[in-house]
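**Q** Provided below are the primary sequence and the corresponding predicted coordinates.
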Amino acid sequence: MSKYTVIKNHTSKYPDPIILKKDQEVLYGIEDTQYPNWIFCKSTSTNKEGWVPKQILTIPNLDRIAIVTQDYSAHELTIKEGETVLGLANLNDWTYCKTENKELGWIPTSCLSRQ
């Protein structure tokens, strides 16, 4: 875990994020061109859509169905320059963080500077 200072504002574009449980099925969609290894998926049980890291998905079958290999939330944080966050994990140019208010979520790593 590392402490970071927010060096660029970030506003979440997904107010209702996809939240998945281990072994849940998703429809495997397109890969993000700006952030490789993020796959746009749709939950087959809730119909929610969102970006999921390729590393936690099985190879999709012929029907483009993949299985999630661990619990996951696509919650993005809205943050302001100057805030301090605790980085819990780094993946595909995004960092999963905890704010001073204990909110958990993803921030583009380019918005952060390690303290």
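**A** Received it, and whenever you're ready, just let me know what you need.
**Q** residue contacts, the residue nearest to the spatial centre of the chain?
**A** Centroid check for the chain by C-alpha atoms, centre = their mean gives Ala74 as the closest residue, at 4.1 Å. By C-beta atoms under 8 Å, 6 or more residues apart in numbering, the contact list for Ala74 reads Tyr14, Pro17, Ile18, Ile19, Gly50, Trp51, Val52, Trp106. Yep, even glycine has a C-beta here, placed from its N, CA and C like the rest.
**Q** how close does it get to Thr5?
**A** Using C-beta to C-beta, to the nearest Å, Ala74 is found at 24 Å from Thr5.
**Q** any idea how far Ser12 is from Glu76?
**A** 4 Å.
**Q** what ranges do the strands span in the protein?
**A** Taking DSSP state E as the criterion, the chain carries its strands at 2-6, 19-20, 25-31, 38-43, 49-53, 65-67, 72-73, 84-91, 94-99, 104-108, 112-114.
**Q** return the list of helices and strands in contact with the first one.
**A** Put plainly, it is strand 2-6. If you count contacts as 3 or more C-beta pairs under 8 Å, 6 or more residues apart in numbering; DSSP states H and E, strand 2-6 packs onto strand 84-91, strand 112-114.
**Q** tell me the angle of the longest one relative to strand 104-108?
**A** An angle of 80 degrees separates the directions of strand 84-91 and strand 104-108 when computed by axes from the mean of the first three to the mean of the last three C-alpha atoms, to 10 degrees.
**Q** strand 94-99 and strand 84-91, what's the angle between them?
**A** Angular relation of strand 84-91 and strand 94-99 on a 0 to 180 degree scale: 150 degrees, by the same axes, to 10 degrees.
**Q** now what about strand 84-91, what contacts it?
**A** Outside strand 84-91, the residues within contact range by C-beta under 8 Å, 6+ apart are 1-6, 37, 53, 55, 77, 79, 95-100, 104, 107, 109, 112, 114-115.
**Q** which residue is the nearest non-sequential neighbour of Pro60?
**A** Spatially, and ignoring its direct neighbours in sequence, Pro60 is nearest to Tyr28 (3.8 Å; C-beta to C-beta, 6 or more residues apart in numbering).
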